[in-house]
Each structure stands twice: as C-alpha cells, then as structure tokens.
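K.L.:
Show me how the following folds:
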Amino acid sequence: MKVKRIVANVETQDITKAKRFYEEILGLDQLMNMNFIATYGSHVKMQPQISFLSEGGSGTPVPDLSIEVDNLDDALNRIQEAEIPIEYGPISEPWGVRRFFVRDPFGKLVNILIHL
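P.N.:
Below is the predicted model of the structure:
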C-alpha cells in the first residue's frame with residue numbers, strides 16, 4: 001500500500017471565508033464545492049508529507065499548516081495588501097527556508113515558506 005495524498009481538514013461553519021485567503025491571495029484553485037466542503041488545491045505534483053513538531057523552529061509556536069510557494073515576496077505582498085497581520089518574519093532560517101507566519105480566516109497559524 002502507498003499513500004497517494006494527505007489532505008488538511010479545517011473545521012468551520014462558514015466555508016466561504018476560505019475563498020479570499022486561499023484562492024484570491026494564495027492563488028489556489030477551488031477544486032470542489034459541495035456547500036459543506038470546499039476544497040482548494042493545485043494541479044502541481046506534490047509528495048505527501050506529514051510533520052510532527054515539538055515547536056515551530058526558532059522558538060515559534062507550531063503552525064497548523066505550512067504552505068510552500070514559488071515566490072515568497074509575491075505572497076508577502078499579497079498578504080500585506082490584504083492587510084493580514086504578519087505574526088512572525090519574514091525571516092531566513094538557519095535550516096534553509098525563508099518564511100513568515102499569518103493567521104487564516106479561521107484562526108489557523110499558517111507558515112508560508114520558500115526553500116532557499
């Protein structure tokens with residue numbers, strides 16, 4: 001048996017809040033909407049991963065989600081234009097990533113990063 005994908009599920013009573021943050025700001029495509037579930041994603045081939053953390057690195061809290069992007073400056077500009085507060089960073093970490101933390105509309109701490 002092989003794992004084909006891993007899906008993050010975020011509980012909310014208002015799935016419409018996901019559209020602005022995940023589609024309009026981060027550029028994900030809405031892949032499905034069935035009124036009780038909206039799924040956003042990308043058609044880019046990815047490797048399934050799941051991480052277990054005792055801290056978020058550099059003494060930060062553990063983020064709920066980590067999203068790797070191909071252009072961190074563009075992501076940062078979009079977040080700033082949307083007036084979403086940045087909780088950490090942007091910073092280049094000693095393990096080879098540049099990242100920042102924000103909260104999504106559901107209060108989840110999101111680590112947005114690029115590998116250097």
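K.L.:
give me the element residue 73 is part of.
P.N.:
Using DSSP states H and E, residue 73 sits in helix 72-81.
K.L.:
Walk me through which strands the next helix or strand after that helix pairs with, and which way each runs.
P.N.:
For helix 72-81, the succeeding helix or strand toward the C-terminus, using DSSP H and E, is strand 86-92. When pairing is defined by DSSP bridges, strand 86-92 lines up against strand 97-103 (antiparallel).
K.L.:
Need the residues that contact the helix or strand that the partner strand is followed by.
P.N.:
Scanning forward in sequence from strand 97-103 by DSSP H and E, the next helix or strand is strand 109-115. Applying Cβ atoms under 8 Å, 6 or more residues apart in numbering, the external contacts of strand 109-115 come out as 26, 56, 61-72, 75-76, 79, 87, 96-104. For every residue, glycine as well, the C-beta is placed using N, CA and C.
K.L.:
Pairing partners for the residue nearest to residue 88 when sequence neighbours are not counted in the sheet, please.
P.N.:
Nearest non-adjacent residue to residue 88, counting by Cβ to Cβ, 6 or more residues apart in numbering: residue 101, 4.0 Å away. Applying DSSP bridges to residue 101 yields these beta-bridge partners: residue 88, residue 111.
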